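*Asks:* Sharing a model prediction with you, sequence too.
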Amino acid sequence: MLDACSTARSAKENPFDIARRQLDDAASIIGLDAEVLELLRWPMREMHVTIPVKMDDGSVHAFHGFRVQYNDARGPNKGGIRFHPDETIDTVRALAAWMTWKTAVLDIPLGGAKGGVICNPKAMSPGELERLSRSYIRQVGRLLGLEKDVPAPDVYTTPQIMAWMADEYSFMQGHNDFGVITGKPLALGGSLGRGDATARGGIICIREAARMLGIDLTGKTAAINGYGNAGAFAHKLAVELLGMKVVAVSDSKGGIFNPDGLEHTALTEYKKRTGSVAGFPGSTSLTDTALLELDVTVLIPAALEDEISCRNARNIRASIVAELANGPTTPEADKILHERGIYLIPDLLCNAGGVTVSYFEMVQNSSGWYWEEESVHRQLEKKMTAAIKTVHQSAVQYRVDNRTAAMIVAIRRVAEAMKLRGWV
Ligand SMILES: NC(=O)C1=CN([C@@H]2O[C@H](COP(=O)(O)OP(=O)(O)OC[C@H]3O[C@@H](n4cnc5c(N)ncnc54)[C@H](O)[C@@H]3O)[C@@H](O)[C@H]2O)C=CC1
Ligand SMILES: O=C(O)CCC(=O)C(=O)O
């Protein structure tokens, strides 16, 4: 039988198939009970919604969206909402499964969920986006709540969108209930430190990986695919906290390269003004394929799924691959990178800073006591370093790659909760 690498494919692999293969692999290594595994292979609940939105030209457009609650054995469901033209139910299922494993790896008392709307936010006016955000919440709101399911931002959703959603949900409840959503603006109960939390958690992982590998990162190079919330803050913090040089970045409109390092402030201002990093003065353009295969110390995929697959895994030259994106590497590519001695920090760990600070936001909203930024950073550092240590121990104990090691930690914790609750 041909494996996925042997077949001539140009289409993306189904992300939910990938999520299940990752689960099956980890489950077989620890001999997970078949009934537990069967439960973990399915979302516990999912909602498909049609979302009517009045457009600026007076027409009504029916958008389609989803909220998938994968598993809440360890606590309320948690996970972002993505607005993207290529969104599918299977992408949302995979992202919800990965949220479940991520909260378990970080040992925060939450489950996993994800939401998505099929739309092109770049082609919508602010008014249309607001009406879409409110209409989505009217449809899925009955599933949400601080004790049930707490969304957050993801690709192409922002703190402003979270604010509209929190407001709509509050109207539905008849009182302010901002704790239903995290990643909110500070003025509405957001947490200090949530903006750069995903990148900050990833930078802590890169720092610890380099320490383990004996690499001094000062002056070393990084390339970042995806220049949004996660990628742009990773650029800033890689320079500020690790002393690295970010030589290449890309977004959906193109990539740029400067061997002397790209300047963060000038680049983010340029992107804000022009809508893309492409054409940034002083840089040359490069394709995403070329960016991923650059000879850099650290490669940071920070865009979408399936960036590193059997098509390019043999050409990756970075020593460390730090997955800020969810699901950027396919299982075949995982194997190839592992065999080639490339140190991969899996998404479940690498991008968990975001949900960890979202959890801190929930705690602050519940208690009404707001933390200083320094406390957020300190608690994030503690949670991340503890998780890094646990995943490393698991990799050594089972002699597996880091993703499988993280999956083992996660499914053991979720399985324990399910057993204690009498689900299996
Ligand atoms: N925002 C958060 O707190 C978290 C985000 N993530 C993951 O990080 C990744 C990025 O999310 P955000 O930064 O929040 O989204 P964002 O919407 O702020 O930015 C996404 C960026 O990716 C770029 N992009 C899209 N398609 C691309 C392509 N084909 N090639 C290169 N760049 C492309 C966009 O132009 C944009 O710059 C996603 O996988 C998301 O699920 C994971 C954990 C938390
Ligand atoms: O902050 C959160 O609750 C979730 C962030 C997210 O969607 C993710 O980690 O993929």
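*Replies:* Yep, that arrived. On a predicted model such as this, the values are computed, not experimentally measured, just so you know. Ligands and ions are numbered 1, 2, ... in the order given.
*Asks:* what pairs with the longest strand along the chain, and is each one parallel or antiparallel?
*Replies:* When the chain is parsed with DSSP state E, its longest strand is strand 60-71. Applying DSSP bridges to the sheet, strand 60-71 is found paired with strand 45-54 (antiparallel), strand 112-118 (antiparallel).
*Asks:* buried residues in it?
*Replies:* 63, 65-71 (16 or more other Cβ atoms under 10 Å). Heads up, the C-betas are built off the backbone N, CA and C, glycines and all.
*Asks:* tell me which element whichever residue of the stretch 151-300 of the chain sits closest to ligand 2 falls in.
*Replies:* Across the stretch 151-300 of the chain, the shortest distance to ligand 2 (Cβ to the nearest ligand atom) belongs to A152, at 3.3 Å. Using DSSP states H and E, A152 falls within strand 149-153.
*Asks:* quick one, the longest strand of the chain and strand 149-153 angle?
*Replies:* 120 degrees (axes from the mean of the first three to the mean of the last three Cα atoms, to 10 degrees).
*Asks:* where's strand 60-71 relative to the chain centroid, distance-wise?
*Replies:* Chain-centre distance of strand 60-71: 18 Å, with Cα atoms, centre = their mean, to the nearest Å.
*Asks:* Looking at that strand now, give me its mean pLDDT.
*Replies:* The pLDDT scores in strand 60-71 average 98.
*Asks:* cool, stretch 366-383 as well?
*Replies:* If you average the pLDDT over stretch 366-383, you get 98.
*Asks:* What of stretch 179-189?
*Replies:* Stretch 179-189 comes out at a mean pLDDT of 97.
*Asks:* now that stretch, how far from the centre of its chain.
*Replies:* In terms of Cα atoms, centre = their mean, the centre of stretch 179-189 is found 19 Å from the chain centre.
*Asks:* Now tell me what touches it from outside.
*Replies:* 80, 144-146, 150-153, 159-160, 162-163, 165-166, 169-170, 178, 190-192, 194, 354, 358-359, 361-362, 364-366 (Cβ atoms under 8 Å, 6 or more residues apart in numbering).
*Asks:* Show me how to select, in ChimeraX, the buried members of the residues you listed.
*Replies:* Typed into ChimeraX, the next command selects the buried ones out of these (criterion: 16+ other Cβ under 10 Å):
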select :80,144,145,150,151,152,153,159,162,163,165,166,169,170,178,190,191,192,194,354,358,359,361,362,364,365
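*Asks:* Keep only those of the contacts of stretch 179-189 that are in helices.
*Replies:* Mapping these onto helices (DSSP state H) picks out 159-160, 162-163, 165-166, 169-170, 354, 358-359, 361-362, 364-366.
*Asks:* For whichever residue of the stretch 301-424 of the chain sits closest to ligand 2, give me the pLDDT.
*Replies:* Proximity of the stretch 301-424 of the chain to ligand 2 (Cβ to the nearest ligand atom) peaks at S358, 3.2 Å away. S358 carries a pLDDT value of 98.
*Asks:* Please identify the residues of this protein in proximity to ligand 1?
*Replies:* Proximity of the chain to ligand 1 (Cβ under 6 Å from any ligand atom) is limited to residues 153-156, 198, 225-231, 250-252, 288, 302-304, 324-326, 351, 354.
*Asks:* Only the buried subset of those, as a ChimeraX command please.
*Replies:* To isolate the buried ones among the residues of the chain next to ligand 1 in ChimeraX, judged by 16+ other Cβ under 10 Å, type:
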select :153,154,155,156,198,225,226,227,228,229,230,231,250,251,252,288,302,303,304,324,325,326,351,354
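*Asks:* Not including adjacent chain positions, what is the nearest residue to the residue of the stretch 51-200 of the chain found nearest ligand 2?
*Replies:* Residue of the stretch 51-200 of the chain nearest ligand 2, by Cβ to the nearest ligand atom: G80 (2.7 Å). Nearest non-adjacent residue to G80, counting by Cβ to Cβ, 6 or more residues apart in numbering: D154, 3.0 Å away.
*Asks:* contacting residues around the one you found?
*Replies:* When the contact criterion is Cβ under 8 Å, 6+ apart, the partners of D154 are 79-82, 95, 114.
*Asks:* With V277 instead?
*Replies:* V277 sits in contact with 227, 249-251, 253-256, 267, 270-271, where contact means Cβ under 8 Å, 6+ apart.
*Asks:* hmm, try it at 10 Å
*Replies:* 224, 227, 231-232, 235, 248-256, 262, 267-268, 270-271, 283, 285 (Cβ atoms under 10 Å, 6 or more residues apart in numbering).
*Asks:* and these, which are buried?
*Replies:* Counted by 16+ other Cβ under 10 Å, these give 224, 227, 231-232, 235, 248-252, 254-256, 262, 267-268, 270-271, 283 as buried.
*Asks:* I figured F280 was touching H264, is that so?
*Replies:* No: counting by Cβ atoms under 10 Å, F280 sits too far from H264 to count as a contact (11.4 Å).
*Asks:* so what sits against both of these two?
*Replies:* With Cβ under 10 Å, 6+ apart as the test, F280 and H264 both reach V249.
*Asks:* do you know how far L110 is from F171?
*Replies:* 25 Å (Cβ to Cβ, to the nearest Å).
*Asks:* typed the wrong thing, it's V117
*Replies:* V117 is 20 Å from F171, by Cβ to Cβ.
*Asks:* again with K12
*Replies:* 38 Å.
*Asks:* Am I right that E416 is in contact with R74?
*Replies:* Yes: look at E416 against R74 with Cβ under 10 Å: they come within range, at 8.8 Å.
*Asks:* Neighbour count: these two, which is higher?
*Replies:* Each of E416 and R74 has its neighbours counted (other Cβ atoms under 10 Å); R74 has more, 22 against 14.
*Asks:* Next, count neighbours for the closest residue to that one other than its chain neighbours.
*Replies:* Nearest in space to R74, with sequence neighbours left out and distances taken as Cβ to Cβ, 6+ apart, is A417 at 4.6 Å. Neighbours of A417 under the rule other Cβ under 10 Å: 18.
*Asks:* got it, and E372?
*Replies:* 10.
*Asks:* what do you get for W369?
*Replies:* Using other Cβ under 10 Å, W369 is surrounded by 8 other residues.
*Asks:* residues contacting it?
*Replies:* The contact partners of W369, taken as Cβ under 10 Å, 6+ apart, are V363.
*Asks:* what about it, which helix or strand?
*Replies:* Going by DSSP H and E, W369 is not in any helix or strand.
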